Each structure stands twice: as C-alpha cells, then as structure tokens.
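Undergrad: Here's my sequence, what's the structure:
(one chain, ligands or ions: 1)
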Amino acid sequence: MKITDIIKQNTFSLSFEVFPPKSETSFENVKAATEQIAKLKPAFMSVTYGAGGGTSEYTLDIAKNIKNLYGVPTLAHLTCVCSNKETINKKIEQISASGIQNVMALRGDIPEALKDADRSEWDYNYAFQLVEQLKQANPNLCIGAACYPEVHPESTTQADDIKRLKEKVDAGCDFLTTQMFFDNNLLYNFLYKIREAGITVPVIPGVMPITNANQVERAIKLSGSFMPQRFKTIVDKFGTTPAAMQQAGIAYATDQIIDLYANGITNVHVYSMNKPVVAQKIQSNLSEILGV
Ligand code: FAD
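TA: Residues are numbered from 1 along each chain as shown. A predicted model of the protein is given here:
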C-alpha cells in the first residue's frame, strides 16, 4: 500500500522506524526486533539505509521481510551521496521487483573525510536528483523525502532551506517526513511557513522517544534539535535511572503525539529504533485514540 493512500484514510495512525543491522552477525536479532514491532500492525514501517550505503543490502531484506510476513506496508530508505547512477538504478530495480511501493529519497550525510572535496564530479549532490531518477525509473513508486522544522544544519537560513525543499518536492515527492523535534510549536510554525511557500504535499511529523540520557547528546548532534526546559528537567532528574528515564521519555513522546493529533495531524512517525518495548508502550498509551 502506498503511504499517500494511508494518509488519505484520514484516521489517526502511528508508523515506526527501524534500522538495518550493522553487520551480518546482528541480522537475526534485528530481524526479530523488527518482527515484534510489525506484529503491532502499524500503518507502515520505515527501514533506514546505512550511512554511505554500508548496510544497504539489509535495508531491502528487512523491509521485504516485514511486508511479506506481516503484511505491513514498508518504506525503504535510499541514500545517494557517494554513489553513482548505475548503482542507484540497480537499487531502484531491486526495490521495484520486491513489490515495495514506498521509497524515502535521501541524499545522506557527506562523510567527514569528503567535506572539503570537489563535488562537481559527483553524480549526486542533493536529494532532488535522486527524486528525479526514482520518478523516471518507476513512476508508480510513492516517494517520500526529509524535511527539517529546525532547518538542515548545512542551510544558512530557513528561507533558503524551504526554497530547496520546494524544489525537491516539485521534482516528484509525494510526502515528507520531518526530522525529530521536541517542541511541537516548532513544527506548527514550520508547517505554516512551508504551506505559505506553496508546498502542499502531506507532512508526517517524526517523534523520537528519548529513553536514555546518552541518546540526548546524540539526538542534538544529529538534528541540532532544541531541547525544551521541561525535557531537560526530565533528563536531569531521571537520566541516571534507566527504567525511570525510559518511562519518562515514552510519556514525553506520548504527550507530543497527543498534542499533534489534537491539532489536526493524523499520521505520526515514531523513531522507535529497533526497540519493540518502546513501540508497544507508545501504542498502548494511545490505544483509545488509535482504536487498537
Ligand atoms: P537534501 O534535501 O539534499 O538537503 C541537504 C542540504 O542541501 C539542505 O541544507 C538543503 O537546503 C540543501 N540543498 C538542497 N538542494 C540544494 C540545491 N539544489 N542547491 C543548494 N543547496 C541545496 N540518513 C541516512 O544515511 N540514512 C537514512 O535512512 C536516513 N533517513 C532519514 C530520514 C529522515 C526523515 C530524515 C529527516 C533524515 C534522514 N537521514 C538519513 C539523514 C539525512 O541523510 C541527512 O540529514 C542529510 O544530511 C540530508 O539529506 P536530505 O535528503 O535531507 O538532503
């Protein structure tokens, strides 16, 4: 099922993100964790693509497994930076042959060692180039792309980031998923600005439950997200007690999702990070709203 068709149903839904194993040895563990999440029957599950494509084979394996065994629609991520057109065309063929209908088209982070490299010869500098290629190779695919309520770290201004986002959407995106954020007002403000800029595709907010204190630093580094004082207080108080921090982090994410639903959003994507317990608890906290 295409994600745009799920969104059209206009009912409250949750989707979950998982990531592929980093090596063959952890494949079975990751597969088992993703299957437990799939058993919750979320609206869809996304499977990330290893930075630089390192674990790229596993993305498709995990996504196919979820779709074929549990009938859960999947969204396979694909990054293009440091790759070439031929390799990406093969990936698109594999995705199409697998029956997966949704692809998240990403540039990927530029590896540290190549930050100062001459990029003029690269096949891909930005995600819009991958969006164009996907659309051309298989017009039936439902294409998603990333957006950043708090501005992508490489952009100098939000206006410029939104202008580039509009170009990416115009290249053929069917929907957008946001980077994590911890203050919903940042999302509402962003939505207002992108609608004003003429971006009309559905936007699925991405919510990350922070369940241990170490994740906080990593989340800020990755996304540059603003941490509200209320959230910092929770981490200060419970960060050294793992079970309490998990409970508080899940409660905070649940609160964020309830506020999103109350403000007219119907589909929320949870960065559940291969943690079935986190996905289960969030879903059960919302059982009456979701009707599950
Ligand atoms: P782009 O859309 O290309 O944007 C990157 C920067 O370039 C932005 O600052 C943008 O404003 C600017 N820009 C865009 N087009 C132009 C242009 N024509 N000229 C000048 N500037 C331009 N990473 C992974 O490795 N694997 C994953 O599975 C993965 N999944 C993700 C899922 C989501 C929902 C999000 C939000 C991020 C994900 N990432 C993933 C991280 C992502 O790869 C990085 O944030 C990366 O740095 C940017 O990717 P992008 O597709 O947003 O790039």
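
Undergrad: Whether stretch 178-185 contacts the ligand - can you check?
TA: Yes: under the criterion of C-beta under 6 Å from any ligand atom, the ligand is reached by stretch 178-185 at residue 179. Backbone N, C-alpha and C define where each C-beta goes, glycine included.

Undergrad: can you pull the buried residues of that stretch?
TA: By neighbour count on 16 or more other C-beta atoms under 10 Å, the buried set for stretch 178-185 is 178-184.

Undergrad: try stretch 275-287
TA: 275-276, 278-283, 285-286.

Undergrad: now stretch 41-51
TA: Buried positions in stretch 41-51, judged by neighbour count with 16+ other C-beta under 10 Å: 42-50.

Undergrad: taking those one by one, which sit in strands?
TA: Using DSSP state E, the members of the buried residues of stretch 41-51 that fall in strands are 45-47.

Undergrad: CSV for these, including distance to the ligand and pLDDT?
TA: Formatted as CSV, these follow (distance: C-beta to the nearest ligand atom, whole Å; pLDDT from 0 to 100):
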residue, distance to the ligand, pLDDT
45, 13, 98
46, 8, 98
47, 8, 97
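
Undergrad: quick check, nearest of these to residue 268?
TA: Closest approach between those and residue 268, by C-beta to C-beta: residue 46, at 12.5 Å.

Undergrad: what residues does stretch 263-278 touch?
TA: 6-7, 10-19, 30, 33-34, 36-37, 43, 46, 177, 180, 184, 188, 202, 204-209, 211, 246, 250, 253, 257, 260-261, 279, 282 (C-beta atoms under 8 Å, 6 or more residues apart in numbering).

Undergrad: Strands - which of these land there?
TA: Per DSSP E, the subset of these in strands is 13-18, 46, 177, 204, 206-207.

Undergrad: Give me the next element, helix or strand, following the helix or strand of the chain with the lowest mean pLDDT.
TA: Ranked by mean pLDDT, DSSP states H and E, the weakest helix or strand in the chain is helix 213-223, scoring a mean of 82. Later in the chain than helix 213-223, the nearest helix or strand by DSSP states H and E is helix 229-238.

Undergrad: Which residues outside that following helix are in contact with it?
TA: 182, 210, 213, 216, 227, 244-245, 247-249, 252.

Undergrad: Apply 10 Å and report the result again.
TA: 182-183, 210, 212-213, 215-216, 225, 227-228, 239, 244-249, 251-252, 255-256 (C-beta atoms under 10 Å, 6 or more residues apart in numbering).

Undergrad: Tell me the residues of the stretch 101-250 of the chain that contact the ligand?
TA: Contact residues (C-beta under 6 Å from any ligand atom) of the stretch 101-250 of the chain with the ligand: 104, 106-109, 126-128, 146, 152, 154-155, 161, 164, 168, 177, 179, 206.

Undergrad: buried stuff in the longest helix belonging to the chain?
TA: Taking DSSP state H as the assignment, the helix of the chain that covers the most residues is helix 242-262. Under the neighbour-count criterion of 16+ other C-beta under 10 Å, helix 242-262 has 245-246, 248-250, 252-254, 256-257, 260-261 buried.

Undergrad: what do you get for stretch 87-102?
TA: Neighbour-count burial for stretch 87-102 [16+ other C-beta under 10 Å]: 88, 91-92, 95-96, 98, 100-102.
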